[in-house]
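# Take this sequence and fold it.
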Amino acid sequence: NSRGTASLLKDSISFTEVSAAGLFEGHDLLRRGFTSVKSELLPSHPLELTEKNFQLNQDKTNFATLRNIQGIHAPLKLQMEFRAVKQVQRLPFLHSSNMAMDILRGNDECIGFEDILNDPSQSEIMGEPHMMMEHKLGLL
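Residues are numbered from 1 along each chain as shown. Model prediction:
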């Protein structure tokens, strides 16, 4: 009964779980880093989500204010500039300061904790340059 067997297989394995490398694909540490249970947990404090989304909420508030003051064209222009600045980056294995993004947001004259504690020489993300570029270009 080939029809019954096909329907059993179809019901038992979801096609979204099967990738190009196969059902038993291992976790790639070079590309994705170490797995963390902390990222899968729910927030432990009510303000944790607010802090994670602080920049997004601040941008939404600034765009709404800008729209009320100058009209719809001002936030649209600023969003286009944000997208253009996000596209320009260094190679994936080099640290990028994103100075243009800081200038657009008005953070270029402020000193925050990320300016002091985000030293690229102490980064744990450094990997093999050739592998990282091939992954970014979709060759792997």
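# now the residue nearest in space to the middle of the chain: how far from residue 129?
In the chain, the C-alpha nearest the mean C-alpha coordinate belongs to residue 86, at 11.4 Å (CA atoms, centre = their mean). Residue 86 sits 22 Å away from residue 129 when distances are taken as CB to CB, to the nearest Å. Where you see a C-beta, it was placed from the backbone N, CA and C, and this is true even at glycine.
# do residue 71 as well
According to CB to CB, residue 71 stands 46 Å off from residue 129.
# Same question for residue 64.
According to CB to CB, residue 64 and residue 129 sit 42 Å apart.
# domain ranges for the chain?
Following the assignment in the TED database, the chain carries domains at 56-87, 91-110+127-139.
# which residues does residue 139 contact?
By CB atoms under 8 Å, 6 or more residues apart in numbering, the contact list for residue 139 is empty.
# Would you mind extracting the C-alpha trace of the helix or strand that residue 82 is a member of into PDB?
Assigning secondary structure by DSSP states H and E places residue 82 in helix 73-87. Provided in PDB are the C-alpha atoms of helix 73-87 (Å, rounded to 0.1, in the frame of the first residue of the first chain):
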ATOM      1  CA  HIS A  73       8.300  63.400   3.600                       C
ATOM      2  CA  ALA A  74      10.800  64.000   6.500                       C
ATOM      3  CA  PRO A  75      10.600  60.600   8.200                       C
ATOM      4  CA  LEU A  76      10.500  58.900   4.800                       C
ATOM      5  CA  LYS A  77      13.700  60.700   3.800                       C
ATOM      6  CA  LEU A  78      15.400  59.800   7.100                       C
ATOM      7  CA  GLN A  79      14.400  56.200   6.800                       C
ATOM      8  CA  MET A  80      15.900  56.000   3.300                       C
ATOM      9  CA  GLU A  81      19.100  57.500   4.600                       C
ATOM     10  CA  PHE A  82      19.100  54.900   7.500                       C
ATOM     11  CA  ARG A  83      18.700  52.000   4.900                       C
ATOM     12  CA  ALA A  84      21.500  53.400   2.700                       C
ATOM     13  CA  VAL A  85      23.800  53.700   5.700                       C
ATOM     14  CA  LYS A  86      23.100  50.200   6.900                       C
ATOM     15  CA  GLN A  87      24.100  48.700   3.500                       C
END
